[in-house]
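# with the input below, show me the fold.
(chains A, B, C and D)
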There are 2 protein chains.
Amino acid sequence: MMGVAVRGREILAVAEQLFADRGFDGVSMQQIAEGAEVSKANIYHHFQSKEALYLAVLKHAFEDMKVLLNDLQQGDELSVDQLARFSAEHLRDLHAKSTVTRLILRELLDGDGSRGRLLAEQVFAEYFELLRNLLVQCQSRGEVRQDVDVDHMAAALVGLNVFLFQAWPAMKHLPDAAFDDQQTSGAKMFALLYRGLLPAGEEAAHA
Amino acid sequence: MMGVAVRGREILAVAEQLFADRGFDGVSMQQIAEGAEVSKANIYHHFQSKEALYLAVLKHAFEDMKVLLNDLQQGDELSVDQLARFSAEHLRDLHAKSTVTRLILRELLDGDGSRGRLLAEQVFAEYFELLRNLLVQCQSRGEVRQDVDVDHMAAALVGLNVFLFQAWPAMKHLPDAAFDDQQTSGAKMFALLYRGLLPAGEEAAHA
DNA sequence: GTCTATAATGAGATAGAC
DNA sequence: GTCTATCTCATTATAGAC
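As a prediction, this is how the structure comes out:
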């Protein structure tokens, strides 16, 4: 994955497009080879198997976000700013790579569950770990509550954005609703998650 | 929708199954007629058009939740309990009607956007309005913060559950993650949304 | 007509030359 | 790194017997 050279990138790009259009089974190695203008055997030089190529396509989509998460953790911003930036960039990224985002979401809907495990272990795990680290750091500074595990915090952060990405085509048409644009709505929902539904100072009354 | 009689229900049930399996275009009225053991003309007696039948199938999935929302608003529970109950029931409902849930999510992914408007106006609008009313009531009692619009609150409540429903097949396989079962995770994420990421009492410092 | 044996196809994957 | 040629295997025709 690291040393994937010039032709490797070309193959990856073609495969991404084809997989996104027709799904894993809908694409043959021959078609990818023709699209990338290489031989089928050459693809196998770069990628162990069709499945490995597929996973590489999915993993590729998370590279930018991994870099961002590392940067955020190195920096010394307030937790709220780190998390807000992550949330905003994450939403932007979902759209920048919308073909792959759709591919993954469709995979989750169709899959028989065995694909789910593969996605989790081979694609999401590393990314999820980075997000978890960031949240642990925020907790250790005392800027994020410590009585909730970071796993659910991470899921909520990602989940709100994914929902926004997916449901927007319908949300934006809801009558009388205050949804202007996705970035703004994303920011509002992040703020909601950060500060809670509960009014400030009411914590003790319900805890 | 109200006066849909015996045969209407049967048609609805068959149509739901077929649409969920093969999508709108993948099913003919003839096939639905055969499945429900009625004539094609009889379907048109109950439903104006194929599209009307389709929308009826989708709307049908929200009936239970509408009843629950009305009940919650009539009752006199604390807001936190009303919302927690809605959230838990909503997640349960997504699973109880998982075929339709998947159908809608796939629709949102595939759609060219024109379907999105239809879904919003014909299917979600009424349901969304009820949820909004509940939240307004919670706000007016002062038990839910008033500086965030109810639209985004409603979206966040629904969104976390939808994400959980969809991503679970992968989430449950994330290594070292504390996701036990969906209902429990749903409750944890609701609690997070309700109380916020921010530790109690820190509001003033960042507001 | 139906059944079964046999080709023919097209998929993923490998070997070995250049 | 790239190619041609080949292998294995599953699916899909298609014979030709019954």
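# could you use CA atoms for every contact and neighbour count after this?
Fine.
# helices of chain A, start to end?
A:6-22, A:29-36, A:40-46, A:50-60, A:63-74, A:79-96, A:98-110, A:114-118, A:125-140, A:150-171, A:182-195, A:203-206 (DSSP state H).
# can you add mean neighbour count and give these back as CSV?
CSV is the format used below for these (neighbours: other CA atoms under 10 Å in any protein chain shown):
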stretch, mean neighbour count
helix A:6-22, 18
helix A:29-36, 17
helix A:40-46, 15
helix A:50-60, 17
helix A:63-74, 15
helix A:79-96, 18
helix A:98-110, 19
helix A:114-118, 17
helix A:125-140, 19
helix A:150-171, 22
helix A:182-195, 21
helix A:203-206, 9
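# dump the ones you listed to CSV, plus distance to B:Asp81.
Below are the helices of chain A laid out as CSV (distance: least, CA to CA, whole Å):
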stretch, distance to B:Asp81
helix A:6-22, 42
helix A:29-36, 54
helix A:40-46, 55
helix A:50-60, 40
helix A:63-74, 36
helix A:79-96, 28
helix A:98-110, 31
helix A:114-118, 33
helix A:125-140, 27
helix A:150-171, 20
helix A:182-195, 18
helix A:203-206, 10
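# nearest to B:Gly75, out of the ones you listed?
helix A:203-206 (18.9 Å; CA to CA).
# quick one: the helices of chain A as CSV, columns for distance to chain B and mean pLDDT too.
CSV is the format used below for the helices of chain A (distance: least, CA to the nearest CA, whole Å; pLDDT from 0 to 100):
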stretch, distance to chain B, mean pLDDT
helix A:6-22, 11, 90
helix A:29-36, 23, 96
helix A:40-46, 27, 95
helix A:50-60, 14, 95
helix A:63-74, 17, 95
helix A:79-96, 9, 96
helix A:98-110, 6, 92
helix A:114-118, 4, 87
helix A:125-140, 6, 95
helix A:150-171, 4, 97
helix A:182-195, 4, 96
helix A:203-206, 6, 47
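# B:Leu164: which of the ones you listed is closest?
Going by CA to CA, the one of these nearest B:Leu164 is helix A:150-171, 7.6 Å.
# for A:Val158, see how far away the residue in chain A that chain B sits nearest to is.
For chain A, the residue closest to chain B is A:Gly196, as judged by CA to the nearest CA, at 3.4 Å. Per CA to CA, to the nearest Å, A:Gly196 is found 16 Å from A:Val158.
# which one of the helices of chain A lies nearest to B:Ile11?
Closest among these, using CA to CA: helix A:98-110, at 25.3 Å.
# who's in contact with that closest one?
A:16-17, A:19-20, A:23, A:58, A:61, A:94-95, A:115-116, B:102, B:106, B:109, B:166-167, B:169-170 (CA atoms under 8 Å, 6 or more residues apart in numbering or on different chains).
# again, but for stretch A:83-91
Residues outside stretch A:83-91 that contact it (CA under 8 Å, 6+ apart): A:65, A:68-69, A:72, A:157-158, A:161-162, A:165, A:183, A:186-187, A:190.
# now with 7 Å, please.
Stretch A:83-91 has contacts (CA atoms under 7 Å, 6 or more residues apart in numbering or on different chains) with A:Leu157, A:Asn161, A:Gln183, A:Gly186, A:Ala187, A:Phe190.
# just stretch A:26-46 next, same as before
For stretch A:26-46, using CA under 7 Å, 6+ apart, the contacting residues are A:Val4, A:Gly8, A:Glu10, A:Ile11, A:Val14, A:Ala15, A:Leu18, A:Phe19.
# ok, stretch A:117-132 next?
A:Leu58, A:Lys59, A:Lys66, A:Leu69, A:Val150, A:Asp151, A:Ala154, B:Ala170, B:Met171, B:His173, B:Leu174, B:Pro175.
# from those residues, which two are the most distant?
Maximum distance among these (CA to CA): 24.1 Å, for A:Leu58 and A:Val150.
# could you list the domains of chain A?
A:2-58, A:61-200 (automatic domain parsing).
# reformat those as CSV; add distance to B:Val144.
What follows is those, written out as CSV (distance: least, CA to CA, whole Å):
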stretch, distance to B:Val144
domain A:2-58, 40
domain A:61-200, 5
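# okay, those domains in TSV with distance to DNA strand C next?
Formatted as TSV, the domains of chain A follow (distance: least, CA to the nearest atom of the strand, whole Å):
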stretch	distance to DNA strand C
domain A:2-58	3
domain A:61-200	15
